[in-house]
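A.B. asks: Pasting the sequence and the predicted coordinates here, then a few questions.
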Amino acid sequence: MVQNGHFLRTTNETRKKRIWTCKKCKEAFETCRLLRVHRKVHRKEKIDDTQYNYYFDKNRNIYTCSTCDAEFSSKEEVEKHVVSHKECYTCMTCDLSFDEPYKYAIHMHIHSDDRMFRCPLCNSYKTSKRTVLMTHINTYHLRRFIYKCKTCGKGFNDCVLFKEHSNIHAGVKPFRCIVCGKDFPFSIYLHTHQVRNHKVSIEGVIATNQCCVCRRRYANSRTLEKHMKKHETVEKKSPEKKHLCDICGKGFARKDKLKIHYRTHTGIKPYACSYCPKRFIKRDYLVMHERVHSGEKPYSCEYCGKCFNQGAPLRVHIRTHTGEKPYVCHICSAAFTSNGALKLHLKSCPGMK
């Protein structure tokens, strides 16, 4: 008992002597709880810094607006400029105004029937988590990033993606599939590959990540649900296109689709590339375009392992393995793997002469 008591006293003395140090400012604390409370100060400073929609380039010694990429030589000039991008968001129900889209979205959550957080900038994105909405607004609309690659300047709000992004520049693929030995630069690519191609299932029984109609596998349950809705719309009659464009008369079944279509007339392109001056009317177009710069190729062939940065080229490539040629010439009955190859053939088809 004396030895146990002595041991307890020694342990307590050791705990008292331990010092908890903050990695940011090197300030020391006697307990872990005090350190956690102190860290909130730095977290608040970090959030406040991201509210300014500009960043400083140390190499060129200039300030750049994250919204329109305008460059300024002084901090005062860029702060004066970013104010012009700020919009006022007013609630039509209670007449309250907000200067930030995130604050406005949080307020509108009170009035929503399905209790979902909706993006006020694109109206097509919604989520049940407010933190996910903040990441969406900062990443795709306001171009605010916590982490930035020093090599190419690409921004990230996810720490894991930021660290693994350096694999692209280093030309390494550290994540290896233990089943087929294929290597990947990102851990999420490895996870997706294994779920799609190597997940164990009973023959004749539909897996939990598999479409019951076309037997296609998905790594994400939400993606599978979205895919299943496509089969439902095919079985049903085509939805009524009641949302009409007042410029060209084209109709759309959904209001958010009409809003995106309007951008083809107005020329508004809210999604800017992080690498070059190009801008796009849809976020999907931006994501596909940036893969050209980053070298990311998330779509891999299940037969030979060749990777592609878009899904369409992969589908055409797979037909070279399966022998499928769905595009047939109506003149000479020659078949091709892609529509582009068919159009090229029609220009020199013997039957046209």
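C.D. replies: Sure, I can see it.

A.B. asks: now residue 141: how far from residue 272?
C.D. replies: Computed as CB to CB, to the nearest Å, the residue 141 to residue 272 distance reads 10 Å. Any C-beta I mention is one placed from the backbone N, CA and C, and that applies to glycine too.

A.B. asks: swap in residue 98?
C.D. replies: 24 Å.

A.B. asks: Can you report phi and psi for residue 74?
C.D. replies: phi -130, psi 160 (degrees, to the nearest 10).

A.B. asks: who touches it in this structure?
C.D. replies: Contact partners of residue 74, counting by CB atoms under 8 Å, 6 or more residues apart in numbering, are residue 63.

A.B. asks: who does whichever strand or helix holds residue 80 touch, helix- and strand-wise?
C.D. replies: If you go by DSSP states H and E, residue 80 is part of helix 75-82. With contacts defined as 3 or more CB pairs under 8 Å, 6 or more residues apart in numbering; DSSP states H and E, helix 75-82 has these neighbours: strand 54-57, strand 62-65.

A.B. asks: Which residues does the first one contact?
C.D. replies: With contacts defined as CB under 8 Å, 6+ apart, strand 54-57 is touched by 62, 63, 64, 65, 66, 75, 78, 79, 81, 82, 148.

A.B. asks: cool, stretch 257-276 as well?
C.D. replies: 67-69, 121-124, 140-141, 143, 152-155, 243-245, 247-248, 250, 252, 278-283, 285-286, 289-290, 293-294.

A.B. asks: number of nearby residues for residue 78?
C.D. replies: 22 (other CB atoms under 10 Å).

A.B. asks: Look up how far residue 55 lies from it.
C.D. replies: 9 Å.

A.B. asks: just residue 125 next, same as before
C.D. replies: 24 Å.

A.B. asks: which of the helices and strands packed on helix 75-82 has the lowest average pLDDT?
C.D. replies: Note on these: strand 54-57 shows the lowest mean pLDDT, a mean of 75.

A.B. asks: about what we covered before: pLDDT on the helix holding residue 80, on average?
C.D. replies: 82.

A.B. asks: now that helix, how far from the chain's geometric center?
C.D. replies: 29 Å (CA atoms, centre = their mean, to the nearest Å).

A.B. asks: Stretch 118-128 now?
C.D. replies: 14 Å.

A.B. asks: Can you give me the first-to-last residue distance of that stretch?
C.D. replies: 9 Å (CA to CA, to the nearest Å).

A.B. asks: do the same with stretch 19-29
C.D. replies: Termini of stretch 19-29 sit 6 Å apart (CA to CA).

A.B. asks: for stretch 80-89, same thing?
C.D. replies: End residues of stretch 80-89 are separated by 20 Å (CA to CA).

A.B. asks: Any buried residues in that stretch, and which?
C.D. replies: Residues 81, 82, 89 are the ones in stretch 80-89 that count as buried (16 or more other CB atoms under 10 Å).

A.B. asks: can I get those residues in TSV with distance to residue 117?
C.D. replies: Below are those laid out as TSV (distance: CB to CB, whole Å):
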residue	distance to residue 117
81	29
82	25
89	14
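
A.B. asks: Mind splitting this protein into its structural domains?
C.D. replies: Listed by the TED database, the domain ranges of the chain are 54-148, 155-198, 243-293, 299-348.

A.B. asks: distance between the second one and the chain's centre?
C.D. replies: Using CA atoms, centre = their mean, the mean C-alpha position of domain 155-198 is found 16 Å from that of the whole chain.

A.B. asks: Could you tell me the end-to-end distance of it?
C.D. replies: So domain 155-198: terminal residues 32 Å apart, CA to CA.

A.B. asks: quick one: average pLDDT of it?
C.D. replies: On average, domain 155-198 scores 84.

A.B. asks: swap in the last one?
C.D. replies: The average pLDDT within domain 299-348 is 80.

A.B. asks: Okay, helices next: where are they in the stretch 101-250 of the chain?
C.D. replies: In the stretch 101-250 of the chain, the segments counted as helices under DSSP state H, counting those that start in this stretch are 101-108, 130-136, 159-170, 187-197, 221-235.

A.B. asks: Let me have the ones you listed in CSV, extended by distance to residue 321.
C.D. replies: Shown next, in CSV, are these (distance: least, CB to CB, whole Å):
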stretch, distance to residue 321
helix 101-108, 46
helix 130-136, 37
helix 159-170, 27
helix 187-197, 14
helix 221-235, 22
